[in-house]
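*Asks:* How does the following fold in three dimensions:
(one chain, ligands or ions: 2)
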Amino acid sequence: MTYKVTADDLKRVIEKTEFDNGHFFHHGKVRDSFVLDAKRRAIVVSDRVSAFDFVLGTIPFKGQVLNQLAAWWFKQLETLGVPHHLISVPHPNVSEVRNVTPLPIEIIVRAYLTGTTTTSSWYAYQHNEKRISGLEMPTGMKKNEIFPEPIITPTTKPEIGHDRNISREEIIEEGLVSSEIYAQVETLALKMFAHGQVVAAKQGLILVDTKYEMGLSAEGGLVVIDEVHTPDSSRYWIAETYQDKLEKEDEPDSLDKEFVRRMVVNAGYDVDNEDQNPKDFMTDEIRVEAAQKYLELFERMTGEPLNLEKNDDSQGVIQEALKNL
Ligand SMILES: Nc1ncnc2c1ncn2[C@@H]1O[C@H](COP(=O)(O)OP(=O)(O)O)[C@@H](O)[C@H]1O
Ligand SMILES: [Mg+2]
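*Replies:* Ligands and ions are numbered 1, 2, ... in the order given. A predicted model of the protein is given here:
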């Protein structure tokens, strides 16, 4: 039985972790990362949730669900011989990883014409003459329809500001990634995606699209970093109802972070109203409900029960785990 989340669990959230080991640290939107030595980093996946380009607040247990899901997927990748950054998971929220130099791009693979934001394929289909990241999408497609084959639409990864779509040619011309490495990036991305689709299908899910990050090791080899195929980096639909929803022109049933966006919108947030901040719509009720969804999602995706950590001193235990690395 999946654990029943209550308002009491809100006190257990992991908002932010500090670790003073005198080395470089970085607080991203979701992850806090600490350089351990030249070769290793510790990444603490917090319970922060980001959507609409804002950190909306925290959702109990979200960090451990994401960290464990990423670890589960990294393990799956080993059967494919894809080099990844994960060394160990010393605590449900913590990953010990190889420290590499991230490529300055994000690699998005899309199997379906969909999305809501201005970088989505559906937006490009309507507003940019069916062109995305230098690729031309087929004519006559409906929203949420499958592409003849998955497409790769990279984006930039700016330190500040919004991502923008970029083409293969621009990436190489601008010297962001060499053409040799970029060819390897594409091969790896498609290989991982095809495998992810097969694994998802076994669970009755459709892997719709996903984002990969890769880096270069000191030896110059490509390594998959960050997270793979998690509900924060990917879009998943329920296979069983997909066809029916497509025919009725309804939105497919989803199993990813989309439910957080929908809850916030249902609570009154208007994406087009710049005077509003989606944070103001994240009620405790939504946080508890979203936590429950994340727990269920782990089990649905992996077919395995989640070993949930409910500790009243999570920060203390995390500090211990970090010190031991
Ligand atoms: N193995 C790794 N080596 C170096 N950097 C990494 C590694 N894995 C992830 N990162 C970086 O750590 C950050 C993760 O934090 P996150 O909260 O996702 O940040 P962001 O706000 O940039 O999305 C990202 O910038 C990611 O590129
Ligand atoms: Mg990120």
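*Asks:* is it true that residue 208 lies in a strand?
*Replies:* Yes - looking at residue 208 with DSSP: H, G, I helix; E, B strand; the rest coil, it is inside a strand.
*Asks:* residues contacting it?
*Replies:* Counting by Cβ atoms under 8 Å, 6 or more residues apart in numbering, residue 208 touches 110-112, 114, 234-237. Quick note: C-beta positions are derived from backbone N, CA and C, even for glycine.
*Asks:* Ligand 1: which of these is nearest?
*Replies:* Nearest to ligand 1 among those: residue 234, at 13.7 Å, using Cβ to the nearest ligand atom.
*Asks:* Now, the contacts of residue 208 that are in strands?
*Replies:* The strands, defined by DSSP state E, take in 110-112, 234-237 from the contacts of residue 208.
*Asks:* Show me which residues of this protein sit near ligand 1.
*Replies:* 28-31, 33, 41, 85, 97-100, 102, 213, 215, 225-226 (Cβ under 6 Å from any ligand atom).
*Asks:* Swap in 5 Å and give it another go.
*Replies:* The chain comes close to ligand 1 at residues 28-31, 85, 97, 100, 102, 213, 225-226, as judged by Cβ under 5 Å from any ligand atom.
*Asks:* any chance of the residues you listed in a markdown table, plus pLDDT, secondary structure and distance to residue 74?
*Replies:* A markdown table is the format used below for these (pLDDT from 0 to 100; DSSP: H, G, I helix; E, B strand; the rest coil; distance: Cβ to Cβ, whole Å):
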| residue | pLDDT | secondary structure | distance to residue 74 |
| --- | --- | --- | --- |
| 28 | 93 | coil | 18 |
| 29 | 93 | coil | 21 |
| 30 | 96 | coil | 17 |
| 31 | 97 | strand | 15 |
| 85 | 98 | coil | 8 |
| 97 | 98 | strand | 10 |
| 100 | 96 | coil | 14 |
| 102 | 96 | strand | 16 |
| 213 | 98 | strand | 13 |
| 225 | 97 | strand | 10 |
| 226 | 97 | coil | 11 |
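*Asks:* between those, which is closest to ligand 1?
*Replies:* Taking those together and measuring to ligand 1 by Cβ to the nearest ligand atom, the closest member is residue 28, at 2.3 Å.
*Asks:* Measure how buried that closest one is and give me the count.
*Replies:* Using other Cβ atoms under 10 Å, residue 28 has 14 other residues around it.
*Asks:* again with the one 10 residues further on
*Replies:* Other residues near residue 38 come to 7 when the count uses other Cβ under 10 Å.
*Asks:* Ok, residue 240 next?
*Replies:* Neighbour count for residue 240, taken as other Cβ under 10 Å: 11.
*Asks:* Output the contacts of residue 208 as CSV; include the columns pLDDT.
*Replies:* Output for the contacts of residue 208, formatted as CSV (pLDDT from 0 to 100):
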residue, pLDDT
110, 98
111, 98
112, 98
114, 96
234, 95
235, 95
236, 95
237, 96
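*Asks:* before we move on, the earlier item: of the residues of the chain next to ligand 1, which pair is most distant in space?
*Replies:* With Cβ to Cβ as the measure, no two of these lie farther apart than 29 and 100, at 19.9 Å.
*Asks:* ok, these two, which is more surrounded?
*Replies:* With neighbours defined as other Cβ under 10 Å, residue 29 and residue 100 compare such that residue 100 has more, 22 against 13.
*Asks:* Which residue or residues pair with the nearest residue to that one once chain neighbours are set aside through a beta bridge?
*Replies:* Among residues not flanking residue 100 along the chain, residue 215 sits closest, at 3.3 Å (Cβ to Cβ, 6 or more residues apart in numbering). For residue 215, the residues forming beta bridges with it (DSSP bridges) are residue 102, residue 223.
*Asks:* Please name the residues that touch residue 215.
*Replies:* Per Cβ under 8 Å, 6+ apart, neighbours of residue 215: 85, 100-103, 222-223, 225.
*Asks:* If we use 7 Å, what do you get?
*Replies:* 100-103, 223, 225 (Cβ atoms under 7 Å, 6 or more residues apart in numbering).
*Asks:* Now tabulate the contacts of residue 208 in a markdown table and tack on neighbour count.
*Replies:* Converted to a markdown table, the contacts of residue 208 look like this (neighbours: other Cβ atoms under 10 Å):
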| residue | neighbour count |
| --- | --- |
| 110 | 25 |
| 111 | 20 |
| 112 | 23 |
| 114 | 22 |
| 234 | 26 |
| 235 | 23 |
| 236 | 27 |
| 237 | 24 |
